[in-house]
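In: Sequence first, then the predicted structure, then my questions.
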Amino acid sequence: MQGENTVQSIERAMRILEELAGEKDGIGVTDLSCRVQLHKSTVHRILNTLLRLGYVEQNLYSEKYRLGTKLLYLGGAILDRMDIRRESHELLKQLAEEVNETVHLVIPDNDKALYVDKIDSNRTIRMYSQIGRRAPLHASAVGKAILAFSTPDYVEKIINNGLERYTKNTIVDPDKLIEHLKEIRVRGYAVDDEENEEGIRCVGAPVFDYTGKVIAAVSISGSTVTIPPERVPELASKVLDCARIISRKMGWRAGEM
């Protein structure tokens, strides 16, 4: 019984941490208990333990809780061991400086694309994305770049999970998405034309490993003002070049994408 209670406590603590991850400004105990569907006293007890361990911190004025800085240590340890992030970081910086737009590196994470690196542009408008957040595969340039070069079974799994609509441009029809992925596979890159967020356009390309498997994607992202449709071919060429170099660093030796 003691073992079951311990596992249950761990599961509850993880649910609380995951909920806090989506709250930049923190959240109070009452709201948090409603979201995780646990009694307020239970949530408060778990938060106190996490607070003592450094995984959660509390604003003394608002009394709201948010993720603690100790999690940076754990997350940093994971990122440090990721060869692709280490091998690609300088290339991403060069690309961002060249195009003066935000550049992302993502990896597939179950049914989403996980941001593992981001280089901001020098523009005053900043992208909402951040390392550790996830993007939908069917409604982002990086996601579609990964999907287009994934196995049919994986694409089918994503479709069966449901194609959520984020904007009026999001592709939610399975047949249209499949045809769209075929086009991406032919030209080698994907475009997010305000499909995930209104006013944002992105161009993404896949990254492959030594077996030819798609393992990541790189994108150039910006507002529709700084990335009008006529600029897409230019950016596509640059993001493809960057993705090819990263792929070769990962051991990819096949023909051009």
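Out: Right, received. Where do you want to start?
In: what stretches of this structure score poorly on pLDDT?
Out: For the chain, residues meeting the criterion pLDDT under 70 lie at 1-4, 76-82, 123-129, 254-257.
In: Do a quick rundown of the helices in it.
Out: Remark: helices assigned in the chain by DSSP state H are 2-21, 29-36, 40-53, 70-80, 83-99, 141-148, 152-160, 174-187, 232-249.
In: correct me, but Leu105 touches Ala216?
Out: Yes - using CB atoms under 8 Å, Leu105 is in contact with Ala216, at 6.2 Å. In this view, the C-beta of every residue, glycine as well, is placed from N, C-alpha and C.
In: picking that back up, to Asn196, which of the helices of the chain lies closest?
Out: Evaluated over the helices of the chain, closeness to Asn196 peaks at helix 141-148, with 8.3 Å, by CB to CB.
In: report the angle between the axes of the closest one and helix 174-187?
Out: Calculated by axes from the mean of the first three to the mean of the last three CA atoms, to 10 degrees, helix 141-148 forms an angle of 90 degrees with helix 174-187.
In: on contacts alone, who are the packing partners of helix 141-148?
Out: strand 102-109, strand 112-119, strand 134-136, helix 152-160, helix 174-187, strand 190-193, strand 200-208, strand 214-223 (3 or more CB pairs under 8 Å, 6 or more residues apart in numbering; DSSP states H and E).
In: roughly how far is that helix from the heart of the chain?
Out: Centroid separation for helix 141-148 versus its chain: 12 Å, with CA atoms, centre = their mean, to the nearest Å.
In: residues touching Val43, list them.
Out: When contacts are counted by CB atoms under 8 Å, 6 or more residues apart in numbering, Val43 is found next to Ile16, Val29, Leu32, Ser33, Val36.
In: what about 10 Å?
Out: Val43 makes contact with 12-13, 15-16, 19, 29-37, 65 under the criterion CB atoms under 10 Å, 6 or more residues apart in numbering.
In: now for those residues, which pair is the farthest apart?
Out: Distance extremes for the contacts of Val43: the farthest pair is Ala13 and Thr30 at 18.2 Å, using CB to CB.
In: out of these two, which sits in the busier spot?
Out: Ala13 (18 against 11; other CB atoms under 10 Å).
In: That one touches Asn48, doesn't it?
Out: No - at 11.2 Å, Ala13 does not count as touching Asn48 under the criterion of CB atoms under 10 Å.
In: what's the first-to-last distance across stretch 182-196?
Out: In stretch 182-196, first residue to last residue: 20 Å (CA to CA, to the nearest Å).
In: was I right about Val207 contacting Gly188?
Out: No - if you go by CB under 10 Å, Val207 and Gly188 don't touch, sitting 11.9 Å apart.
In: Reformat the helices and strands packed on helix 141-148 as JSON lines; add distance to Trp252.
Out: Below are the helices and strands packed on helix 141-148 laid out as JSON lines (distance: least, CB to CB, whole Å):
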{"stretch": "strand 102-109", "distance to Trp252": "15"}
{"stretch": "strand 112-119", "distance to Trp252": "18"}
{"stretch": "strand 134-136", "distance to Trp252": "23"}
{"stretch": "helix 152-160", "distance to Trp252": "19"}
{"stretch": "helix 174-187", "distance to Trp252": "16"}
{"stretch": "strand 190-193", "distance to Trp252": "18"}
{"stretch": "strand 200-208", "distance to Trp252": "4"}
{"stretch": "strand 214-223", "distance to Trp252": "9"}
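In: shared neighbours of Leu105 and Ala216, anything?
Out: Joint contacts of Leu105 and Ala216 (CB under 10 Å, 6+ apart) are Met82, Ile84, Arg85, Ser88, Leu114, Val116, Asp117, Val142, Val207, Ala243, Ile246.
In: List the buried residues of stretch 7-16.
Out: Arg12, Ala13, Arg15, Ile16 (16 or more other CB atoms under 10 Å).
In: so how far is Glu101 from Asn122?
Out: Distance, Asn122 to Glu101, using CB to CB, to the nearest Å: 10 Å.
In: who touches both of the two?
Out: In contact with both Asn122 and Glu101: no residue, using CB under 10 Å, 6+ apart.
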